[in-house]
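**Student:** give me a 3D structure for the following:
(chains A and B, ligands or ions: 1)
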Amino acid sequence: MNNVAYVDLTNQKVTIKEIPQKIRRLFLGGRGINMYLLYNHVKKGIAPLSPENTLIFGAGMLTGMHVLASARYNVSGRSPHSGLIGDSNAGGFFGPELRFAGFDHLVITGKAAKPVSLWIHDGQIEFKDASHLSDLNTTETFETLREESGDPQSQMAIIGPAGRRQVIFANVMNSINNANGHTGMGAVMGSKNLYAIVVRGTQTLPARDPAALYKVFDKQYKQVLSRKGFKANAFYGTLMRMSLMRTQMTMAGHNYQFNAVDLGEDVDIENFMDKYEYAKASCFNCPQHTKHIHVVKSGPHKGMVGGGPEFAAAGGFSATCGATDWETILECWDLCNQYGIDGMYAANYIAWVMELYQRGLIDEKVTGGLSLRWGDHHAMTELIHQMGRKEGFGGLLDEGWKAVNTKLFGEAAPMYERYVPMIKGEPMEGNFKGMIAQALGAATATRGSCHLRSRYTLEEFSLPSKVVADILGREVNPDPDAYEGKAWPVIWSENLCAVGDALGICRFLSKWMTPGFLAFDEFAEVVNAATDLNLTPAQVMECGERIWNIERMFLAREGLGRKDDKLADRCFDEPWTHGARKGQVMDKEKFYKQLDEYYELHGWDQEGHPTKETLKRLELDKEPSHLL
Amino acid sequence: MKKEIEIRCRSCHQFRWAVPSMQKVVKCPNCGQEWKLRWFDEETATIISPVSWVEYERKHW
Ligand SMILES: [Zn+2]
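**Tutor:** Presented below is the predicted three-dimensional model:
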């Protein structure tokens, strides 16, 4: 129970340790313990794609148990994309199966001499040759491994062609529609010559009080299913945002130049539902099944069946890159999944070079003959092929925006950084200029710009002040344009996301998604029925704060601080182009003044580093403590 | 008598008004925007899109 396996790929050796109770109490599991391991094992300055980097898999503390949406696990390490915190959470069925097979966390070090896969079964870990996977796309890899396992219940986390080629925004994937995207953990896996992890287990995950756990499940199930948000998510999934953000004019149009672009009628989400969706899919123990399964009915990929798309990339390929038809979006999405590339990163990179092309800063001589016109089907799909194969101009982008910007513009490169909307080296994910709390969350998110780390989604709901105060436990400034009183919603959201990831419960069933869903009260109920930790809701929330702080300690150790908690310049000096806010800009001075309030509430100094008192209060003052 | 369900206009954001259950196209009495609705059941609806995206976007251009 609750074991960590240390896998040394260089020497093909495995050591197993039990997680101390103290670490579970402080960090719970999943992302929490992953971040503890990251801080303790990944030393300052080591190269992300070297054998010195550590790749950590971690299932949530409640993953696989009789708990709502308990599918989640994290993959962490130093990111080859940002150079900083690499961490990505995914659903599907891999996380639960890893625990059924006897392990909560895998700490993978070194580098195998030849391609290998790990086969994990009921407490046993075996190394197998994986050379035969070298030329397969992700679908073929899944099919090959499932057949070899001889067991349809086996689950696998794999890399595709992009991961094997160490494309720095490659995913780890556990099915065609479940990926650990963002921060390039697939490239780290590829750098270790680890092509796949296959898991199958029959071990049980005992609960402290099974009857109480059933009762809590029943109550939370009814709570979630009664909400309008549930019904909308269960039908449209994240594509709901395609419609929402388009009507609110908060799309990242043409690489963030515009808050709306003319997309025509085709990319309406009802069109997707009518023409392309043929089924829904869910992750382990989730009644919401937000995932679409689609079929492409025409074009060169006619007949292609894929999972998704999700909004992050669908919005990216449409508004951000300019595609005005579903077939381009679906083909781009499916290609990314087949190569094992993060679709949102692909969209951001494509949009960036399209803007450079629009401005005449690059031409066909640079792009290898590609005309990078907004929404051009051939240009977009060809760039993704090149990214996945590491060939041509698209392959150049695999080196990352900073290196490419320098290659293109030499000494003048800093001048052109404004066209690369990145935060802490990670792509911006939405035009949140009008959402002050969401923008603050993006500026301070620990893995770089991220909607999954601390987005205060409730900011979009125009909820009455009393409802907000009841949910957040404190008053929140109701003025949407105010720059004061927005720090607490961000911190509350950080804690909510961190705890959900540590428990293994999907964000989509939490108040991150919609007001009536789960938060700290419900998390405490379920923790106490399932485990012997006996935590109050406030203590559960504090676990989230602790996780956030150890991430911040990692960043501080790398030399980051206040200067890095910032948004891309275009958020401040390029006004809204459309809609009710046309002509407005965000106030840079007032925006950054918010950091004072945010740091103070966190118990950090003016540089944004946790103070000694804060570290002591959170029992982080002895880190790295090397208990694991 | 047909039930009425309250919805919130996406254009004027805070404005809520009641619409007849299962009616597929509605017009906001405050701003005049016409919206397509998706009904998940007789009591639950959400705005999906303007009747015409092209017209909606032209209005705000
Ligand atoms: Zn209206």
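**Student:** check which helix or strand covers A:Ile293.
**Tutor:** strand A:291-295 (DSSP states H and E).
**Student:** is chain B within reach of that strand?
**Tutor:** No: Strand A:291-295 does not reach chain B (Cβ under 8 Å from any Cβ of the partner chain); its nearest approach is 15.2 Å. All C-beta atoms are positioned from the backbone trio N, CA, C, and that covers glycine.
**Student:** parallel or antiparallel, list what pairs with that strand.
**Tutor:** Note on strand A:291-295: by DSSP bridges, its sheet partners are strand A:277-281 (antiparallel), strand A:305-307 (antiparallel).
**Student:** for that strand, the averaged confidence score.
**Tutor:** What strand A:291-295 shows for mean pLDDT is 95.
**Student:** what distance do you get for whatever residue of chain B ends up closest to chain A to A:Asn271?
**Tutor:** Nearest residue of chain B to chain A: B:Phe40, at 3.9 Å (Cβ to the nearest Cβ). The gap separating B:Phe40 from A:Asn271 is 19 Å, by Cβ to Cβ, to the nearest Å.
**Student:** tell me which residues touch the residue of chain B closest to chain A, please.
**Tutor:** By Cβ atoms under 8 Å, 6 or more residues apart in numbering or on different chains, the contact list for B:Phe40 reads A:Lys228, A:Lys231, A:Ala232, A:Phe235, B:Thr46.
**Student:** for it, helix, strand, or coil?
**Tutor:** Following DSSP: H, G, I helix; E, B strand; the rest coil, B:Phe40 is assigned to strand.
**Student:** wait, doesn't A:Met230 sit right on A:Gln288?
**Tutor:** I think there's a mix-up here, since residue A:230 is Phe and not Met. Yes: here A:Phe230 lies in contact with A:Gln288, judged by Cβ atoms under 8 Å, at a distance of 6.2 Å.
**Student:** list residues touching both of these two?
**Tutor:** The contact sets of A:Phe230 and A:Gln288 overlap at A:Val224 (Cβ under 8 Å, 6+ apart).
**Student:** for the most centrally placed residue in chain B, what are its contacts?
**Tutor:** Central residue of chain B (Cα atoms, centre = their mean): B:Trp35, 4.1 Å from the mean position. B:Trp35 makes contact with B:Cys9, B:Arg10, B:Val25, B:Val26, B:Lys27, B:Cys28, B:Ile47, B:Ile48, B:Ser49, B:Pro50, B:Val51 under the criterion Cβ under 8 Å, 6+ apart.
**Student:** setting aside sequence neighbours, what's the nearest residue to the residue in the stretch 101-250 of chain A positioned nearest to chain B?
**Tutor:** Distance from chain B to each residue of the stretch 101-250 of chain A (Cβ to the nearest Cβ) is smallest for A:Lys231, at 3.9 Å. Spatially, and ignoring its direct neighbours in sequence, A:Lys231 is nearest to B:Phe40 (3.9 Å; Cβ to Cβ, 6 or more residues apart in numbering or on different chains).
**Student:** residue 54 - how many residues pack around it?
**Tutor:** Defaulting to chain A. Neighbour count for A:Thr54, taken as other Cβ atoms under 10 Å in any protein chain shown: 22.
**Student:** I was after chain B.
**Tutor:** By the measure other Cβ under 10 Å, the count of residues near B:Val54 is 12.
**Student:** relative to the ion, how far out is it?
**Tutor:** Applying Cβ to the ion, to the nearest Å, the value for B:Val54 to the ion is 19 Å.
**Student:** how about the contacts made by the closest residue to A:Glu364 other than its chain neighbours?
**Tutor:** Nearest residue to A:Glu364 in three dimensions, chain neighbours excluded: A:Ser371, at 6.4 Å (Cβ to Cβ, 6+ apart). By Cβ under 8 Å, 6+ apart, the contact list for A:Ser371 reads A:Tyr357, A:Glu364, A:Ala379.
**Student:** do you know how far the last one is from A:Ser371?
**Tutor:** The reference is to A:Ala379. Per Cβ to Cβ, A:Ala379 is found 6 Å from A:Ser371.
**Student:** let me see the confidence value for A:Glu265.
**Tutor:** Per-residue confidence (pLDDT) for A:Glu265: 94.
**Student:** wait, it sits on B:Glu55?
**Tutor:** No: using Cβ under 8 Å, A:Glu265 makes no contact with B:Glu55, being 10.1 Å away.
**Student:** count of neighbours near B:Ser11?
**Tutor:** Per other Cβ under 10 Å, the neighbour tally for B:Ser11 reads 20.
**Student:** again, but for A:Asp325
**Tutor:** A:Asp325 - counted by other Cβ under 10 Å - has 17 other residues nearby.
**Student:** for it, give me its contacts.
**Tutor:** With contacts defined as Cβ under 8 Å, 6+ apart, A:Asp325 is in contact with A:Asp266, A:Val267, A:His377.
**Student:** which residues of chain B fall in helices?
**Tutor:** Per DSSP state H, chain B carries helices over the ranges B:53-60.
**Student:** can you pull out the low-pLDDT segments for the chain?
**Tutor:** Since you didn't name a chain, this refers to chain A. Chain A contains no residues with pLDDT under 70.
**Student:** switch to chain B, that's the one I care about
**Tutor:** Residue ranges of chain B with pLDDT under 70: B:1-2.
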